[in-house]
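Student: Have a look at this fold, sequence not included:
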């Protein structure tokens, strides 16, 4: 589990317009990363 304030590796995701968004684009800025692991499961 990642700790608050820890660094995470750079990664890329697809935005709604199909463009790539990289975490590195936000270097030096505050970023909040949120995940909902059970959002699309039957559990």
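Tutor: Everything's here; your move. As the structure is a prediction and not an experimental result, all values here were calculated from the model.
Student: so after the helix or strand of the chain with the lowest mean pLDDT, what's the next helix or strand?
Tutor: Lowest by mean pLDDT, DSSP states H and E among the helices and strands of the chain is strand 12-14, with a mean of 90. The helix or strand immediately downstream of strand 12-14 is strand 20-22, counting by DSSP states H and E.
Student: and that next one, which residues are buried?
Tutor: By 16 or more other CB atoms under 10 Å, strand 20-22 has no buried positions at all. No exception for glycine: its C-beta is placed from N, CA and C like everyone else's.
Student: which residues are contacting it?
Tutor: 10, 11, 12, 13, 14, 15 (CB atoms under 8 Å, 6 or more residues apart in numbering).
Student: Which residues are in contact with the residue nearest the centre of the chain?
Tutor: Most central in the chain under CA atoms, centre = their mean is residue 33, positioned 4.7 Å from the mean C-alpha point. Residues in contact with residue 33 (CB under 8 Å, 6+ apart) are residue 8.
Student: Which helix or strand contains it?
Tutor: Counting by DSSP H and E, residue 33 is found in no helix or strand.
Student: Need the per-residue pLDDT for it.
Tutor: The model reports residue 33 with a pLDDT of 79.
Student: Could you do residue 20 as well?
Tutor: At residue 20, the model reports a pLDDT of 94.
Student: Report the beta-bridge partner residues of it.
Tutor: Taking DSSP bridges as the rule, residue 20 bridges to residue 14.
Student: Next, the residue nearest to the centre of the chain: phi, psi?
Tutor: Note on residue 33: its backbone torsions stand at phi -110, psi 120 [degrees, to the nearest 10].
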